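Trainee: Structure of the sequence below:
(one chain, ligands or ions: 1)
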Amino acid sequence: MQSTINNVTVIGSGTMGNGICHVLAQAGFNVNMMDIKQDALDRAMSTIGKNMDRQVSKGALTEEAKQQALGRIATHTDMATAVKDAHLVIEAASENVDIKLSIFRQLDELAPAGCILASNTSSISITRIASVTKRADKVIGMHFMNPVPVMKLVEVINGYATSAEVTSTIYKLSEQLGKVPCVANDYPGFVANRLLIPMINEAIISLQEGVAGVTEIDTIMKLGMAHPMGPLQLADFIGLDVCLSILNVLHSGFGNPKYAPSTLLVNMVQAGYLGVKSGEGFYKYT
Ligand code: CAA
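Mentor: This next block holds a predicted model:
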């Protein structure tokens, strides 16, 4: 097994992928960011630069350290080239089972034998992902939170066959990124989303039942529980389609009606009201 991690490849350059590349590069790792299209990679590099500029303007990063960090990120559209020297691959592609399984089959073929394969999945079983590889002991979940440069948590998820050595390596690496790792086992939603997403669903059911309005529900949770965002604003931020898909994983995984998605959530997703990314959810975004 690869015990010293210097070279990390991140598959996917969207919000989570570019955030993960940002923190890796800032912590001194050599980063290879891979996506299917070069324009997605160009947009991701520009986002990383802008997010580092926020840190520079706050005095949390020097301009020189920013340039060095950006210089540690290479971009690729070809997976074989992107992973050929990887000690660790972190997959942060779309939250779709078929896409993830196909990526892990390819990674298993293309990445060096000792390379650890991690997934940033928010709800897909790590054991299932590992089952399509011949290295299930080296497959693990590394669930970062959005926005990655700001949020301190990495939920480290052990699949059924993940080795203790791999867990320990990923735990230490998460600490090197300035994060606080917490280890969980592979059950639907792990811990973060098993607790968060039913709360969001209950907020939507409360709205649907007319218990209170959007602003009231969010203000009650923000001021009453010191949450940085109310559950409906957070649902918009995460994406209502993502919330629905995680609820479906919980509902089918546990077979318990308490996880059934609210009708309002299903309707909003079907109507294309997905939150920030579509311009409207519980709030409007211009
Ligand atoms: N990169 C770098 N810095 C960023 C950033 C980014 N992408 N986004 C925000 N920041 C920084 C800002 O520069 C600012 O820095 P200072 O404190 O030094 O001034 C700080 O973060 C706060 O940002 P803002 O002032 O712009 O706004 P805010 O105070 O409203 O905070 C927020 C924004 C950090 C997003 C905050 O609202 C928050 O914590 N929200 C909850 C986020 C959350 O719960 N995330 C988890 C979602 S669930 C998930 O990700 C997992 C899943 O599987 C669904």
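Trainee: okay, the host helix or strand of I200 in CSV with CA atoms only?
Mentor: Using DSSP states H and E, I200 sits within helix 192-208. Extracted C-alpha coordinates of helix 192-208, given in CSV (Å, rounded to 0.1, in the frame of the first residue of the first chain):
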residue,chain,number,x,y,z
ALA,A,192,-23.9,13.6,8.2
ASN,A,193,-26.7,13.1,5.8
ARG,A,194,-28.6,10.5,7.9
LEU,A,195,-29.1,13.4,10.4
LEU,A,196,-29.1,16.5,8.1
ILE,A,197,-31.4,15.4,5.3
PRO,A,198,-34.3,14.2,7.5
MET,A,199,-34.2,17.5,9.3
ILE,A,200,-34.4,19.3,5.9
ASN,A,201,-37.3,17.0,4.9
GLU,A,202,-39.1,17.8,8.2
ALA,A,203,-38.7,21.5,7.5
ILE,A,204,-40.2,21.0,4.1
ILE,A,205,-43.1,19.0,5.6
SER,A,206,-43.6,21.8,8.1
LEU,A,207,-43.8,24.3,5.3
GLN,A,208,-46.2,22.0,3.3
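Trainee: Quick one: mean pLDDT over it.
Mentor: Mean per-residue pLDDT for helix 192-208: 98.
Trainee: do the helix or strand just after it and the ligand meet at all?
Mentor: The C-terminal neighbour of helix 192-208 among helices and strands, as given by DSSP H and E, is helix 214-225. No: Helix 214-225 lies apart from the ligand when judged by CB under 6 Å from any ligand atom; the minimum separation is 9.6 Å. Placement of C-beta: from N, CA and C, glycine included.
Trainee: in the stretch 51-200 of the chain, what residue is nearest the ligand?
Mentor: Closest to the ligand within the stretch 51-200 of the chain is S122: 3.0 Å, counting by CB to the nearest ligand atom.
Trainee: Give me the number of neighbouring residues for the residue lying closest to that residue once chain neighbours are set aside.
Mentor: Excluding the flanking residues, the one nearest S122 by CB to CB, 6 or more residues apart in numbering is N193, at 5.6 Å. Counted with other CB atoms under 10 Å, residues neighbouring N193 total 22.
Trainee: about what we covered before: how about the helix holding I200: buried residues?
Mentor: 192-194, 196-198, 200-201, 203-207 (16 or more other CB atoms under 10 Å).
Trainee: For the residues you listed, work out which two are farthest apart.
Mentor: Greatest spatial distance among the buried residues of helix 192-208 (CB to CB): A192 and L207, at 22.7 Å.
Trainee: Give me every residue in the stretch 51-200 of the chain that's in contact range of the ligand.
Mentor: Counting by CB under 6 Å from any ligand atom, the stretch 51-200 of the chain sits next to the ligand at N51, R54, K58, S122, M145, N146, P147, P149, V150, M151, A192, N193.
Trainee: OK, contacts around the last one?
Mentor: So that's N193. The contact partners of N193, taken as CB atoms under 8 Å, 6 or more residues apart in numbering, are S122, S123, I246, L250.
Trainee: Go again with 6 Å.
Mentor: S122, S123, I246 (CB atoms under 6 Å, 6 or more residues apart in numbering).
Trainee: Could you dump those into CSV with pLDDT added?
Mentor: Shown next, in CSV, are the contacts of N193 (pLDDT from 0 to 100):
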residue, pLDDT
S122, 94
S123, 92
I246, 95
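Trainee: ok, which stretches of the stretch 151-286 of the chain are strands?
Mentor: 153-158, 180-185 (DSSP state E, counting those that start in this stretch).
Trainee: which helices and strands sit right next to the first one?
Mentor: Judged by 3 or more CB pairs under 6 Å, 6 or more residues apart in numbering; DSSP states H and E, the packing partners of strand 153-158 are strand 139-144, helix 164-176, strand 180-185.
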